[in-house]
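# just the structure for this:
(one chain, ligands or ions: 1)
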Amino acid sequence: MADMVRKCTQCGAVDRRFSWKSIADASGDAEYERPWTCSSCAWTEFELVSDEGGGAAPSQG
Ligand SMILES: [Zn+2]
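Numbering: from 1, shown residues only. Sure, this is the predicted structure:
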């Protein structure tokens, strides 16, 4: 099952340093509440997305 990870709303970079089981799990979590800065473009706004492994190739198993 895919975890929820941060995705920069500016450049689309996915930040996998932290992940959560669900949006409900993220909300209220100390790390989620901390100010965040994109490591790629220094944007500060992100959305939570399902971490499905990234890349174009579908993962097996
Ligand atoms: Zn970014």
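
# contacts and neighbour counts: CA atoms only from here.
Will do.

# what are the buried residues along stretch 31-50?
By neighbour count on 16 or more other CA atoms under 10 Å, the buried set for stretch 31-50 is 32, 38, 46, 48-50.

# ok, now stretch 16-34?
For stretch 16-34, burial by neighbour count (16+ other CA under 10 Å) applies to 19-20, 23, 26, 32.

# so of the buried residues of stretch 31-50, which two are at opposite extremes in space?
38 and 50 (17.4 Å; CA to CA).

# what sits against residue 16?
Shown in contact with residue 16 (CA atoms under 8 Å, 6 or more residues apart in numbering): 5-6.

# now it, what's its secondary structure?
For residue 16, the assignment made with DSSP: H, G, I helix; E, B strand; the rest coil gives strand.

# residues in this structure within reach of the ion, list them.
Where the chain comes near the ion, counting by CA under 5 Å from the ion, the residues are 8, 11, 38, 40-41.

# which of those residues fall within strands?
In strands, judged by DSSP state E, the following of the residues of the chain next to the ion are found: residue 8.

# next, format the residues of the chain next to the ion as TSV and append pLDDT.
Formatted as TSV, the residues of the chain next to the ion follow (pLDDT from 0 to 100):
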residue	pLDDT
8	98
11	98
38	98
40	97
41	98
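
# of the residues of the chain next to the ion, which is the nearest to residue 1?
residue 8 (21.6 Å).

# so residue 24: helix, strand or coil?
helix.

# where along this structure do the helices fall?
23-26, 30-33 (DSSP state H).

# correct me, but residue 26 touches residue 18?
No: in this structure, residue 26 is not within contact of residue 18 by CA atoms under 8 Å, at 9.8 Å.

# shaky segments in the chain?
Counting by pLDDT under 70, the chain has low-confidence residues at 53-61.

# now do 50
Across the chain, residues meeting the criterion (pLDDT under 50) sit at 61.

# that older thread, for the buried residues of stretch 31-50, give me JSON lines that also has distance to residue 1.
Formatted as JSON lines, the buried residues of stretch 31-50 follow (distance: CA to CA, whole Å):
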{"residue": "32", "distance to residue 1": "20"}
{"residue": "38", "distance to residue 1": "25"}
{"residue": "46", "distance to residue 1": "21"}
{"residue": "48", "distance to residue 1": "15"}
{"residue": "49", "distance to residue 1": "13"}
{"residue": "50", "distance to residue 1": "9"}
